[in-house]
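Kindly return the folded structure for what I paste below:
(2 chains)
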Amino acid sequence: MSSRDELLARLRAQRVEPVPLPALSGDWITYPDREAQFRAALARAAGSVVVAPEGDVRLAVGRLGVVQQAARFCSLVAAVPGNLPCPSEPAGFAEVEVLLCQAEFGVAENGAVWLDERVAPLRAGLFLTQHLVLLLERAALVDHMHAAYARLGARVGQTGYGCFLCGPSKTADIEQALIVGAHGARSLVVVLY
Amino acid sequence: MTLVQLGHPARARRFLADVERARFHDAALWQIRERRDQRAAELPEWEALRELGARIKAHTLAELPEYLERFEQNARRHGAHVHFARDAAEHNQIVFELLRARGVTRVVKSKSMLTEECGLNPFLERRGLEVVDTDLGELIVQLRREPPSHIVLPAIHLRTADVSETFSRTLGAPPLADAQSLTEFARSHLRAKFLAAQAGITGVNFAIAETGGIVVCTNEGNADLGTALPDLHIACMGMEKLLPRAADLGVFLRLLARSATGQAITAYTAHYHGPRPGGELHIVIVDNGRSALRGEVRHRASLRCIRCGACMNTCPVFRRSGGHSYETHVPGPIGSILAPLREPSAHQSLPHACTLCGSCTAVCPVKINLHEQLLELRERQLEGPALERGRGSLERTLAQLLGWLLKSPSRTAQLGAVLRWLCRRLPALTRYGALRRWTATRELPPLPAESFHVQYARRRAERARSPGDIGTRRE
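Residues are numbered from 1 along each chain as shown, chains lettered A, B, ... in the order given. So this is what the prediction gives:
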């Protein structure tokens, strides 16, 4: 018998009292000002938020210090072109300083945004690039993670890679000192419009 | 008494010999516990989330064979390969065969307690592969050839100077004095490893039966980076990692990082469904004693564990003895349950590394009754042959004697009088000899001269003499 069949047979032979699967409804927190909560939560995760003046994302992105200083700024958003085309190979993103990407929605509770392969076909870009700039529609903020999964629905299983990204890469593995920029992005800015 | 029986206290004493380091360890973990409290308090529904987390896990464990099959089918539908391993040896062999068949010699690995449990790194290294742990804390302990001392904070037992020395000695780093420059050095060292790796191995935080996907949470992004470049991704998981529905993640992701580090969510929460285009994804599901644990009615709940480490951060014993004093891949309260159940003779002292304060149970995000299970394991030691015969029978005799004394009120009163007399003289009596071990680190509170019964009777008699004085205390 294979290890698989042996394991399943052993588990089935055990008598375990059934426990009903609970419904996921609950009296969850809601935020009167989702944008303020999102901003505070992301700041705690060492990320930051800027608001595009009159919804002009091109202007807002162009004003960012990281973008102005970047010799290699790539964009995955058609409306806001970078100064160089995106690499065609995953490893090519190691040379990119700033990557601009569209986030699908944000979560007020924790400051995370959802990204998947539809907006970042080469996922390596999200981790190899030195700095990330993410666009997020103001209306695309949900209160909490329950609402986030309700919004994703079956799509969560229809993309090879999807990620809740909350701020830049960080570590506190040396004496609990928070250091931003462990392996992935050194900074993360969300541009709300 | 042998050192085996006194394993944990003996090792804890070594840890405590470095007073300054021990104080740092205690304070650092308590700070994380306080951050956890702050994050939990921000959610009015926190207790409801813990209850839901416990019930979803209990349900999944009850229906585990069905969910395992459903997960396997759905993962295959996305093009992932699913393997089952009955124990650590089979797990290691499966991973090795996958790597060997593809000619892989350079592997990057993100944090996985399961691969620690299975001893995967040494197994692969003995066969000539380079395995690089990419979590910063894991890298530090790997370079020092030490096991992690905490499941979330692998290098919490070390100071900055230790890390600096480690990087200089093993990687030829210049002397670096602060966490920022040490992290920067590790970043560039590991970038080269990521770019050169031919395979990425990750753990799994959650596996979703309904969709066939796996979820991996990190703060550094090392799992994401390690799987975005090489063509081969091997994900290793204990079979208890399953959840029925994707929506269950809403509950568990709210619980996990808040409990672990006091963050609202980790920086990266990656959802994988199938391999990268052109790549391969292999998921290895491991039993290694978990099915036996599922059969233990009183300890089944410990399979709910989501490895957040909150029980360690809050534990007064863990904070003051360090993870290495447990000599298990998962230390602390949860480890003191899992290890003795798997291998009773090797971990006899662990259920005693506990004050029964219950703080672990109070913070556990999936409501495992940790301290009750530890007490049960102590009871089991007195029943079973695990404890050395001499000590076991001595303890049993003492317990029987105590039972006989406490059964009768008059004998109890006499025992009290003897103990009050004895305790005042005890410190002097135990300054030398075998009892010294017991009193070396303990102090008795001052004992009253008379028992409660005697005081009560005396006061009643006094009141009867002066009835106008009721309610005031006379000394």
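
State the number of residues packed around the closest residue to residue B:277 other than its chain neighbours.
With Cβ to Cβ, 6 or more residues apart in numbering or on different chains as the criterion, residue B:277 has its nearest non-adjacent residue at 7.2 Å, and that residue is residue A:160. Placement of C-beta: from N, CA and C, glycine included. A count of nearby residues for residue A:160, using other Cβ atoms under 10 Å in any protein chain shown, gives 20.

wait, what's in contact with residue A:160?
A:117, B:78, B:272, B:273, B:274, B:275, B:276, B:277 (Cβ atoms under 8 Å, 6 or more residues apart in numbering or on different chains).

With residue B:136 instead?
So residue B:136 contacts A:171, A:173, A:174, A:182, B:155, B:183, B:186, B:220 (Cβ under 8 Å, 6+ apart).

6 Å instead?
Shown in contact with residue B:136 (Cβ atoms under 6 Å, 6 or more residues apart in numbering or on different chains): A:171, A:173, A:182, B:186.

Surely the first one and residue B:220 touch.
Yes: distance between residue A:171 and residue B:220: 5.2 Å, which falls inside the contact criterion (Cβ atoms under 6 Å).

now the contacts of residue A:160 as TSV including secondary structure, pLDDT and distance to residue A:134?
What follows is these, written out as TSV (DSSP: H, G, I helix; E, B strand; the rest coil; pLDDT from 0 to 100; distance: Cβ to Cβ, whole Å):
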residue	secondary structure	pLDDT	distance to residue A:134
A:117	coil	92	15
B:78	coil	97	26
B:272	strand	98	21
B:273	coil	98	22
B:274	coil	97	25
B:275	coil	97	26
B:276	coil	93	22
B:277	coil	91	23
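
Name the residues of stretch B:202-220 that come out as buried.
B:202-220 (16 or more other Cβ atoms under 10 Å in any protein chain shown).

Tell me if that stretch is near chain A.
Yes: on the criterion Cβ under 6 Å from any Cβ of the partner chain, stretch B:202-220 is in touch with chain A at B:211, B:213, B:219, B:220.

Mind picking the two most distant members of those?
Longest distance between any two of the residues of stretch B:202-220 next to chain A is 25.6 Å, between B:211 and B:220; criterion Cβ to Cβ.

picking that back up, let me see the backbone angles for the residue nearest to residue B:277.
phi -60, psi -40 (degrees, to the nearest 10).

Same question for residue A:48.
Torsion angles, degrees, to the nearest 10, at residue A:48: phi -140, psi 160.

wait, isn't it in contact with residue A:188?
No: using Cβ under 6 Å, residue A:48 makes no contact with residue A:188, being 7.5 Å away.

between those two, which one's more packed in?
Neighbour tally, residue A:48 and residue A:188, criterion other Cβ under 10 Å: the higher count belongs to residue A:188, 26 against 16.

quick one: secondary structure of that one?
Following DSSP: H, G, I helix; E, B strand; the rest coil, we place residue A:188 in the strand state.

Show the pLDDT at it.
Looking at residue A:188, its pLDDT reads 98.

related to what we said a few turns ago, want to throw the contacts of residue B:136 into a markdown table with pLDDT and distance to residue B:236?
Listed next are the contacts of residue B:136 as a markdown table, based on pLDDT from 0 to 100; distance: Cβ to Cβ, whole Å:
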| residue | pLDDT | distance to residue B:236 |
| --- | --- | --- |
| A:171 | 95 | 22 |
| A:173 | 94 | 21 |
| A:182 | 92 | 22 |
| B:186 | 97 | 23 |
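
What's the end-to-end length of stretch B:139-153?
One end of stretch B:139-153 to the other measures 12 Å (Cα to Cα, to the nearest Å).

how deep is residue B:44 tucked in, by neighbour count?
Count around residue B:44 with other Cβ under 10 Å applied: 10.

ditto for the one 4 residues further on
Applying other Cβ under 10 Å, we find 14 other residues in the vicinity of residue B:48.

Spatially nearest residue to it (excluding sequence neighbours)?
residue A:26 (5.5 Å).

quick check, the one you found in a helix?
No: with three-state DSSP as the criterion, residue A:26 is located in coil rather than a helix.

okay, it: pLDDT?
For residue A:26, the model assigns a pLDDT of 91.

ok, now how distant is it from residue B:37?
21 Å (Cβ to Cβ, to the nearest Å).

And for residue B:97?
Separation of residue B:97 from residue B:37 (Cβ to Cβ) stands at 46 Å.

Compare neighbour counts for the two and give me the winner.
Neighbours were counted for residue B:97 and for residue B:37 using other Cβ under 10 Å; residue B:37 has more, 15 against 11.

Please, which helix or strand holds residue B:84?
Residue B:84 is part of strand B:81-85 when elements are defined by DSSP states H and E.

so after that strand, what's the next helix or strand?
Immediately after strand B:81-85, counting by DSSP H and E, sits helix B:88-101.

ok, residues contacting that following helix?
Under Cβ under 6 Å, 6+ apart, the answer for helix B:88-101 is B:83, B:85, B:118, B:120, B:123, B:199, B:234, B:282, B:284, B:286, B:288.

what mean pLDDT does that helix have?
pLDDT averaged over helix B:88-101 gives 98.

what's the following helix or strand after that helix?
Counting by DSSP H and E, what follows helix B:88-101 is strand B:106-109.

How about that following strand, which residues are buried there?
Quick answer for strand B:106-109 (16+ other Cβ under 10 Å): B:107, B:108, B:109.

cool, and stretch B:343-356?
Buried, per 16+ other Cβ under 10 Å, within stretch B:343-356: B:344, B:347, B:348, B:349, B:350, B:351, B:352, B:353, B:354.

Wait, a strand at the last one?
No: Residue B:354 sits outside any strand when classified using three-state DSSP, being coil.

Without its sequence neighbours, what residue ends up closest to it?
According to Cβ to Cβ, 6+ apart, the nearest residue to residue B:354 is residue B:374 (4.7 Å).

Give me the secondary structure label for residue B:346.
helix.

What distance do you get for the closest residue in space to residue B:303 that isn't next to it in sequence to chain A?
Nearest in space to residue B:303, with sequence neighbours left out and distances taken as Cβ to Cβ, 6+ apart, is residue B:240 at 4.5 Å. Residue B:240 sits 11 Å away from chain A when distances are taken as Cβ to the nearest Cβ, to the nearest Å.
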